[in-house]
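Student: everything below, folded, please.
(2 chains)
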2 protein chains.
Amino acid sequence: MTFYFEIVKTQGNARAGVLHTPHGDIPTPVFAPVGTQATVKAVPPRDLSEIGVPLILANTYHLHLRPGDELVRDLGGLHSFMGWHGPILTDSGGFQVFSLAEINRIDDQGVTFRSHLDGSKRRLTPERSVEIQQNLGADIIMCFDECAVPTDRAAVERAVRRTSAWAARCREAHPDDARQALFGIVQGGIFEDQRAESAAFLRSLDFPGYAIGGLAVGETKNEMYRTLDVTTPMLPQDKPRYLMGVGDPDDLVQAVVRGVDIFDCVAPTRLARHGSALTQSGRLNMRNLPFATDSAPVDPGCACYCCRHFSRAYVRHLVKAGEILGAYLLSVHNIHFLVEHMRALRCAILEDRLPEYAETFLRLYLRTA
Amino acid sequence: MTFYFEIVKTQGNARAGVLHTPHGDIPTPVFAPVGTQATVKAVPPRDLSEIGVPLILANTYHLHLRPGDELVRDLGGLHSFMGWHGPILTDSGGFQVFSLAEINRIDDQGVTFRSHLDGSKRRLTPERSVEIQQNLGADIIMCFDECAVPTDRAAVERAVRRTSAWAARCREAHPDDARQALFGIVQGGIFEDQRAESAAFLRSLDFPGYAIGGLAVGETKNEMYRTLDVTTPMLPQDKPRYLMGVGDPDDLVQAVVRGVDIFDCVAPTRLARHGSALTQSGRLNMRNLPFATDSAPVDPGCACYCCRHFSRAYVRHLVKAGEILGAYLLSVHNIHFLVEHMRALRCAILEDRLPEYAETFLRLYLRTA
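Tutor: Here you go, the predicted structure:
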């Protein structure tokens, strides 16, 4: 069996583990940078390896539309296509269909939509989503789900119903998790009873991992934390838990404390392209004037390529001048920051000092965030 | 003496040499990629080192305006600022003033213009250009010159006169070439008598190197080659010769055969950002449909990072999707291609087989260019 999850140590609800996949072992908790179009924006794969990125995410919706999942399959799959030989996770395409495409019709069978690229008419169903993800060949694939506004009770109830029905169909389309593990996605917005209904049904399908979907899409941070408080205990202890689309450093701490193992988010690379750097003491806007003459590294304690070789003054110059190298250097830094952040959280769990570590981190980080 | 030029071998008019500079030895003939705003666009310095780039060029006009040459000086100079510890050449700013800025007045003393960034009024004179370049701290700096349309006799005559007067003032402002070598620039367009007048005057100032300016700006390739035929013999045998702004692979061959040692051009990186790859058999437009399913490297014989790890299909996908990684990979490839091209030309001179090598290269390259 090439895919399995091993818990090495727990402290409270938090867990330090190892997720074994066909393309390598992933220490958890883990943050996955997003490579939407089969590239983590601006960062070559060898930099990801050097940083020690354990897992990346790619987007099914985007790759289905361009270059096409069958082409990727014919070229040997996503790992080979993008030159990244570590673990990959693909989402189901559902979230992008609902947020990017022009929707024609949503029914219990699936979603009909128009491509945001060329307006072509497309249809995505649970079976089709699984088939596309099989073509792409990621190590972890996701059930096709419906994501609702988490505070809209009626929408959430409908989303839970559909997500359950679609999860059953995805499971049937992908019964064997040896080469690709199919994760279920718990919906339910901020409503405990809906989360419970969704989680109970998904558990009956015995997935090798469970995602918590429908968060970080409009609710407050406290609503998100309270939802995690009630939801993680509904999930199997021995399976990995993945909180989708969350990447703020403080949210990562709060979710790890509550028992989440896997995360992904576009934030570190998107922030980088907008000139922001993540540091222990909050975000830095590298456009700020005081950096113009600052010969210190972006983050003096950091060991990434950017911080080892370049000054804030240089990075500010690149950002102000619109140079690609600025986006590259800050992307490398921000990804490195989150990888180290997860390493530190894991280490704190292993050494039974997570509460103290979390408290110290949050105090420093939120002071200036 | 930290700056000197050594000719290792000649064949016909062509020369294989070594240019010794305070930041390292440059084997010649050499091609310098352009780092306009203190970054070779999209390419981190460590990639330039890995490729074996012997020299880069940075633009005085751009760096004077942003981030400012005094700031660069205060931060330790351009090498330290941009994290590139190999040799750097800066141009004089003249060409950019004439091509990018809104000119208010050109007189015998200098040029008054408005910045293309913020409209601020500025003045550049020979003395000021040298001072800015001293602040930047490149290994090779250039005389402030006037570049005219090379086929416009009246404009060329005026440009030669001004360029001579300005060269004398630059020489006076920078008499010591030990740490920074000041090169003169021969103007004269396509007119042999004007080139002769310009070259004779510059030789009287005893520069450690001589550039041929005012070419590749509108004249035909044959006019450029004929101008080189007559101009290189006017320059001292024992000093390096630099043809400014030329980087087409076939032009590099033609100019090396005619005795040029140094080149720079934005072409390899600009072409890359537009999706074009340089190869022995001409340029490839990576957007072309046949590449969509092509699992071969961009250039099967190439050993660059792009060609070692990625397929044409992947690079095409990145280019079509507008991903930064596409610009990066093709920039790395194109720079690597020109570095290897110059290495091969140097090797052919050393082995007394330049005519055969040049003939073979041009036949293959121009077939599909």
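Student: what count of nearby residues applies to the closest residue to chain B within the stretch 101-250 of chain A?
Tutor: Using C-beta to the nearest C-beta, the point where the stretch 101-250 of chain A gets nearest to chain B is A:Leu117, with a distance of 9.3 Å. Every residue, glycine included, has its C-beta placed from N, CA and C. A:Leu117 has 13 neighbouring residues, counting by other C-beta atoms under 10 Å in any protein chain shown.
Student: out of everything not next to it in sequence, what's closest to it?
Tutor: In space, and not counting its chain neighbours, A:Leu117 is closest to A:Leu65: 5.4 Å by C-beta to C-beta, 6 or more residues apart in numbering or on different chains.
Student: equivalent analysis for A:Lys320, please.
Tutor: Nearest-residue entry for A:Lys320: A:Arg287, 6.3 Å, with adjacent residues in sequence omitted and distances by C-beta to C-beta, 6+ apart.
Student: residues in contact with that neighbour?
Tutor: Taking C-beta atoms under 8 Å, 6 or more residues apart in numbering or on different chains as the criterion, A:Arg287 is in contact with A:Gly275, A:Arg316, A:Val319, A:Lys320.
Student: is it true that the last one touches B:Arg66?
Tutor: Yes: with contact defined as C-beta atoms under 8 Å, A:Lys320 counts as touching B:Arg66 (6.8 Å).
Student: who has more neighbours out of those two?
Tutor: For A:Lys320 versus B:Arg66, the count of surrounding residues by other C-beta under 10 Å is larger for A:Lys320: 18 against 15.
Student: report the contact partners of that one.
Tutor: Contacts were defined as C-beta under 8 Å, 6+ apart; by that measure A:Lys320 touches A:Arg287, B:Arg66, B:Pro67.
Student: and the second one, how far from B:His333?
Tutor: If I follow you right, that is B:Arg66. Note on B:Arg66: its distance to B:His333, by C-beta to C-beta, to the nearest Å, is 29 Å.
Student: ok, the last one next?
Tutor: Distance from B:Pro67 to B:His333, counting by C-beta to C-beta: 30 Å.
Student: what do you get for the first one?
Tutor: A:Arg287 sits at a distance of 32 Å from B:His333 (criterion: C-beta to C-beta).
Student: burial of A:Glu219, as a residue count?
Tutor: A count of neighbours around A:Glu219, defined by other C-beta under 10 Å, yields 18.
Student: ugh, typo on my part, it should be A:Glu102
Tutor: Applying the criterion other C-beta under 10 Å, we find 11 residues in the vicinity of A:Glu102.
Student: A:His116 is in contact with that one, correct?
Tutor: Yes: using C-beta under 8 Å, A:Glu102 is in contact with A:His116, at 7.3 Å.
Student: and the residue of the stretch 101-250 of chain A closest to chain B, what pLDDT?
Tutor: Note for A:Leu117: predicted pLDDT of 93.
Student: over to it. Which of the three states is it?
Tutor: Three-state call for A:Leu117 (DSSP: H, G, I helix; E, B strand; the rest coil): coil.
Student: ok, it touching A:Arg66?
Tutor: Yes: at 6.2 Å, A:Leu117 and A:Arg66 qualify as touching, with contact defined as C-beta under 8 Å.
Student: mind listing what the residue nearest to A:Leu117 touches?
Tutor: Shown here is A:Leu65, whose contacts under the criterion C-beta under 8 Å, 6+ apart are A:Ser115, A:His116, A:Leu117, A:Arg122.
Student: with A:Ile26 as the reference, measure out to it.
Tutor: Looking at A:Leu65 against A:Ile26, where the rule is C-beta to C-beta, the gap reads 28 Å.
Student: before we move on, what about A:Thr10?
Tutor: According to C-beta to C-beta, A:Thr10 and A:Ile26 sit 17 Å apart.
Student: am I right that A:Ile132 falls within a strand?
Tutor: No: with the criterion set as three-state DSSP, the secondary structure at A:Ile132 is helix rather than a strand.
Student: with adjacent residues omitted, what lies nearest to it?
Tutor: Counting by C-beta to C-beta, 6+ apart, the nearest residue to A:Ile132 once its immediate chain neighbours are dropped is A:Asp69, at 4.5 Å.
Student: pLDDT value on A:Met1, please?
Tutor: In the predicted model, A:Met1 carries a pLDDT score of 59.
Student: I should have written A:Ala369 there, sorry.
Tutor: At A:Ala369, the predicted lDDT confidence score is 46.
Student: just A:Leu100 next, same as before
Tutor: Reported pLDDT at A:Leu100 in the predicted model: 84.
Student: I'd say it and A:Gly93 touch.
Tutor: No: taking C-beta under 8 Å as the definition, A:Leu100 is not a contact partner of A:Gly93, at 10.1 Å.
Student: what residues are shared contacts of those two?
Tutor: A:Tyr61.
Student: neighbour-wise, which of these two wins?
Tutor: Taking A:Leu100 and A:Gly93 together and counting by other C-beta under 10 Å, A:Gly93 has the greater number of neighbours (27 against 16).
Student: contacts only, for the more buried one.
Tutor: Applying C-beta under 8 Å, 6+ apart, the residues near A:Gly93 are A:Asn59, A:Thr60, A:Tyr61, A:His64, A:Leu124, A:Ser129, A:Ile132, A:Phe144.
Student: cool, and A:Val149?
Tutor: Residues in contact with A:Val149 (C-beta under 8 Å, 6+ apart) are A:Ala155, A:Val156, A:Gly189, A:Val217, A:Gly218.
Student: between the residues you listed, which is nearest A:Arg308?
Tutor: Looking at the contacts of A:Val149 and their distance to A:Arg308, the nearest is A:Val217, at 36.7 Å (C-beta to C-beta).
Student: list the single closest residue to that closest one in space, sequence neighbours excluded.
Tutor: Nearest residue to A:Val217, sequence neighbours excluded (C-beta to C-beta, 6+ apart): A:Pro150, at 6.2 Å.
Student: doesn't A:Glu223 make contact with the one you found?
Tutor: Yes: using C-beta under 8 Å, A:Pro150 and A:Glu223 qualify as a contacting pair, with a distance of 7.4 Å.
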